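**Q** model the structure of this input:
(one chain, ligands or ions: 1)
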Amino acid sequence: MCGIVAYIGDQRPGPILFDTLKRLEYRGYDSAGVAVKSDGNIEVLKSAGRIADLEKIYQMRGSPGESMGIGHTRWATHGRPSDINAHPHTSGEIAIVHNGIIENYLELRDHLTEMGYQFSSETDSEVLAHLIHFYYKKDLLEATIKALEHVEGSYALAVLAASSPYLVCARKDSPLVLGQGKSAFYLASDVPALLPYTRDVIRMKDGEIARVYADRVEMLDAGGMPRAVEIERITWDADAAEKGGYTHFMLKEIHEQPRAIRETIAGRISEIDGEVRLDLGMSDEEIRGLERVSIIACGTSYHAGMLAKNLFARAAGLPVDVEVASEFINLQIRPRTLLLGITQSGETADTLLALKKAKTCGGRSLAITNVVGSTVTGLVDGTIYTRCGPEIGVAATKTFTSQLVAIILLAIKLGRAREHLTPDQARKMLIELTKLPGLVQRVLEKREEIRKIAESYAHAGCYFFIGRDYLYPISLEGALKMKEIAYIPSEGYAGGELKHGPLALITEKTPVVALATCGRKIQSNIKEVRARGADVVALATEGDPDIAKVASRIIELPGTRPIYSAVLCTVAVQLLAYYTANKLGLPIDKPRNLAKCVTVE
Ligand code: F6R
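**A** Residues are numbered from 1 along each chain as shown. Down below sits the predicted model:
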């Protein structure tokens, strides 16, 4: 997975390309490169490593380039991170940057080699440069169209030719957005990268290809027909995509959760009537006819799906199966199954593929996503947007809690339509839901207390997170956060399962975080690990009279109903992982080996 950018206009392209690329680094950052038009030629600069280092080399070379250029930040899929595998790839006067996977690249490579083309990289993308070069006579658009006719796979692509007065870009199954400036057009894999330059964007759709001049764009749809360009005005400001005074995007995004939750709820509920308004693309009669729900997701979004399992069963009387997308087999999908894909980016390849597979079995489909117009939205009958604004930190935080809230709204909606919840029950749940942002704010105010605890265990060799019921998925989420940003091996476990094996790992050196805000049963699990010498940090409800008798340290959280306390515990474990990683001096927003959006299977 990678990020691509391009610029055409009356400015020098280099500084704009580097700036927009840095805003896309969350998509991958093992190597980077730019190609700019300079004195009628193409000048390419690329290397393994960070964009900022490459920018210094560019400046040392006298910042070449005029009027147009393309750029790329890479996350290796085919071929290791190296100078040679970094994009742009060139062929004669053609340079390309590509995000996606060319599935038939080996076949194309053999063909092109027979025709005399020499390959200098191990990437799948290089075939695109040679193919376009092969077809390029005078018209770069025509050459790109002809080249793409031979390509199987996914792409967001930008093409530059020394003798062409315009750029070409195209997309299929990988995101791509154009931004219209004053006598300039910008291109990027997502909107936040463009915001310092323009708020007028054109979202490219699957199969589209465009000829981009400094003052206009000619867009062809998937059928090759010209389509009118629709400009969308972005209302959130560039600041929303900046750190806003926090040391890391992750910390900023953790603190944005009260607002993000409010946005997820806004305009969708009537507490007075106990009603939830969501456009699911399904009538109440269809909802009543449902026999089960099948949820598909990856990583943190999968944990949201696990919470939905217990909630949908209780609130709507619906059996639910939840599967990690990469392990999906469609045994349970029947025409009366509601298929639910959960993906904050809307672009996770495993989730998209599993949804496509599952949809062939019939039935209605829904997505919960944060990204408007993302690929998942084109696959399903209805979408619930979480409306969190862009999330830049690689670790999902505000998008996860907003997914939980979207799931709660959906559960109430299903429960009311199926008359499994009475209006009064729904009303009470909704009234409490409106208080959730304020409760999350109170957890955030405990940041200093949590920081001290985190720092005291920062050198632990291994962490355990335990929980039951709604808090079991949150224990998995706590362990995932600790692994991905603090690099500490961590286990999330159902409290009752400890004695069936993992208890053997518990020693006095293993901090155990017990999510203890729901029910008393977890207290016996706390006793089990205390008896093996472990320190236990309990997340407990304010005023719990018993917890002090069993836990070593306590973080008190506001009292609320169990499903909402899952959100509060999430915020506490996010802060715990954050302050641990911060104490260890780790690159929190860009953990090693990870990327924000995983567009490869
Ligand atoms: C962890 C994290 C990942 C994502 C996963 C799915 O903090 O962010 O585990 O949750 O890659 O991504 P989406 O939700 O975009 O499908």
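**Q** please work out the average pLDDT along stretch 252-271.
**A** Mean pLDDT, stretch 252-271: 91.
**Q** got the CA coordinates for stretch 15-25 in CSV?
**A** In CSV, the C-alpha atoms belonging to stretch 15-25 read as follows (Å, rounded to 0.1, in the frame of the first residue of the first chain):
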residue,chain,number,x,y,z
PRO,A,15,7.9,21.6,-2.8
ILE,A,16,4.2,20.9,-3.3
LEU,A,17,4.9,17.2,-4.1
PHE,A,18,7.1,16.8,-1.0
ASP,A,19,4.6,18.5,1.2
THR,A,20,1.6,16.5,0.0
LEU,A,21,3.7,13.3,0.2
LYS,A,22,4.5,13.9,3.9
ARG,A,23,0.8,14.2,4.5
LEU,A,24,0.4,10.7,3.0
GLU,A,25,3.2,9.1,4.9
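**Q** tell me, how many residues neighbour the closest residue to residue 371 other than its chain neighbours?
**A** Excluding its sequence neighbours, the residue lying closest to residue 371 (Cβ to Cβ, 6 or more residues apart in numbering) is residue 346, at 4.4 Å. C-beta coordinates here come from the backbone N, C-alpha and C atoms, glycine included. By other Cβ atoms under 10 Å, the residues close to residue 346 number 26.
**Q** mind checking the SS state of residue 346?
**A** Put simply, residue 346 is coil when judged by DSSP: H, G, I helix; E, B strand; the rest coil.
**Q** check contacts around it.
**A** By Cβ atoms under 8 Å, 6 or more residues apart in numbering, residue 346 lies in contact with 367, 369, 370, 371, 374, 375, 376, 377.
**Q** what's the neighbour count on the residue of the stretch 51-200 of the chain found nearest the ligand?
**A** The stretch 51-200 of the chain approaches the ligand most closely through residue 175 (11.7 Å), counting by Cβ to the nearest ligand atom. Residues near residue 175, counting by other Cβ under 10 Å, number 27.
**Q** so it sits right up against residue 347, yeah?
**A** Yes. Shown here, residue 175 and residue 347 form a contact pair, counting by Cβ atoms under 8 Å, at 6.0 Å.
**Q** overlap in contacts of these two?
**A** In contact with both residue 175 and residue 347: 371, 374, 375, using Cβ under 8 Å, 6+ apart.
**Q** top of the residues you listed by neighbour count?
**A** residue 375 (27 neighbours).
**Q** I'd like the shared contacts of residue 175 and residue 347 laid out as a markdown table, including secondary structure, distance to residue 322 and pLDDT.
**A** Conversion of those to a markdown table gives the following (DSSP: H, G, I helix; E, B strand; the rest coil; distance: Cβ to Cβ, whole Å; pLDDT from 0 to 100):
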| residue | secondary structure | distance to residue 322 | pLDDT |
| --- | --- | --- | --- |
| 371 | coil | 22 | 82 |
| 374 | coil | 21 | 84 |
| 375 | helix | 21 | 89 |
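**Q** could you give the number of residues near the residue of the stretch 201-350 of the chain found nearest the ligand?
**A** Distances between the stretch 201-350 of the chain and the ligand by Cβ to the nearest ligand atom are smallest at residue 299, namely 1.9 Å. Residue 299 has 22 neighbouring residues, counting by other Cβ under 10 Å.
**Q** one more: residue 430?
**A** 22.
**Q** where does it land on pLDDT?
**A** At residue 430, pLDDT is 97.
**Q** surely it meets residue 415?
**A** No. Using Cβ under 8 Å, residue 430 makes no contact with residue 415, being 11.4 Å away.
**Q** got a list of what residue 100 touches?
**A** 153, 154, 155, 156, 157, 172, 173, 174, 599.
**Q** go on, residue 410?
**A** Applying Cβ under 8 Å, 6+ apart, the residues near residue 410 are 276, 278, 280, 308, 312, 340, 366, 368, 384.
**Q** so which bits of the stretch 501-601 of the chain are right by the ligand?
**A** 597, 598 (Cβ under 6 Å from any ligand atom).
**Q** can you pull out the helices in the stretch 501-601 of the chain?
**A** 521-531, 547-550, 562-583 (DSSP state H, counting those that start in this stretch).
**Q** show me the contacts for the residue nearest the centre of the chain.
**A** Closest residue to the average C-alpha location of the chain: residue 345 at 3.7 Å, with Cα atoms, centre = their mean. Shown in contact with residue 345 (Cβ under 8 Å, 6+ apart): 369, 370, 371, 374, 596, 597.
**Q** how about 7 Å then?
**A** 371, 374, 597 (Cβ atoms under 7 Å, 6 or more residues apart in numbering).
**Q** could you do residue 101 as well?
**A** Residue 101 touches 77, 124, 153, 154, 600, counting by Cβ under 7 Å, 6+ apart.
**Q** closest one to residue 475 among the helices of the stretch 501-601 of the chain?
**A** helix 562-583 (8.1 Å; Cβ to Cβ).
**Q** list just the nearest of the contacts of residue 345 to residue 566.
**A** Of the contacts of residue 345, the one sitting nearest to residue 566 (Cβ to Cβ) turns out to be residue 371, at 23.8 Å.
**Q** returning to that earlier point: make TSV from the contacts of residue 345 and add distance to residue 256 to it.
**A** Converted to TSV, the contacts of residue 345 look like this (distance: Cβ to Cβ, whole Å):
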residue	distance to residue 256
371	16
374	20
597	19
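**Q** tell me the contacts of residue 127?
**A** With the criterion set at Cβ under 7 Å, 6+ apart, residue 127 makes contact with 102, 105, 108, 109, 112.
**Q** can you list the low-confidence ranges for this protein?
**A** Counting by pLDDT under 70, the chain shows low-confidence ranges at 1, 28, 77, 236-242, 244, 331-332.
**Q** quick revisit: widest-spaced pair of the contacts of residue 100?
**A** 157 and 599, at 13.7 Å, using Cβ to Cβ across these.
**Q** please enumerate the helices of the stretch 351-500 of the chain.
**A** Using DSSP H, counting those that start in this stretch, helices in the stretch 351-500 of the chain cover 375-379, 398-417, 423-444, 447-456, 471-486.
**Q** now the fourth one, how far from the centre of its chain.
**A** It stands for helix 447-456. 27 Å (Cα atoms, centre = their mean, to the nearest Å).
**Q** can you list contacts of it?
**A** 537, 553, 555, 572, 575, 576, 579, 580, 583.
**Q** could you find the closest non-adjacent residue to the third one?
**A** Nearest-residue entry for residue 555: residue 539, 5.2 Å, with adjacent residues in sequence omitted and distances by Cβ to Cβ, 6+ apart.
**Q** in the sheet, who's paired with that neighbour?
**A** According to DSSP bridges, residue 515, residue 555 are recorded as the beta-bridge partners of residue 539.
**Q** residues in contact with it?
**A** Residue 539 touches 513, 515, 516, 517, 555, 557, 569, 572, counting by Cβ under 7 Å, 6+ apart.
**Q** ok, residue 95 next?
**A** Residue 95 neighbours (Cβ under 7 Å, 6+ apart): 35, 42, 44, 70, 88, 129, 160.
**Q** just residue 140 next, same as before
**A** Here residue 140 is in contact with 159, 161, 164, 166, 168 (Cβ under 7 Å, 6+ apart).
**Q** domain ranges for this protein?
**A** For the chain, automatic domain parsing gives the domain ranges 3-235, 240-434, 445-601.
**Q** quick check: phi and psi at the closest residue to the ligand within the stretch 451-600 of the chain.
**A** Residue nearest to the ligand within the stretch 451-600 of the chain: residue 598 (4.9 Å; Cβ to the nearest ligand atom). Backbone torsions of residue 598, given as degrees, to the nearest 10, read phi -100, psi 90.
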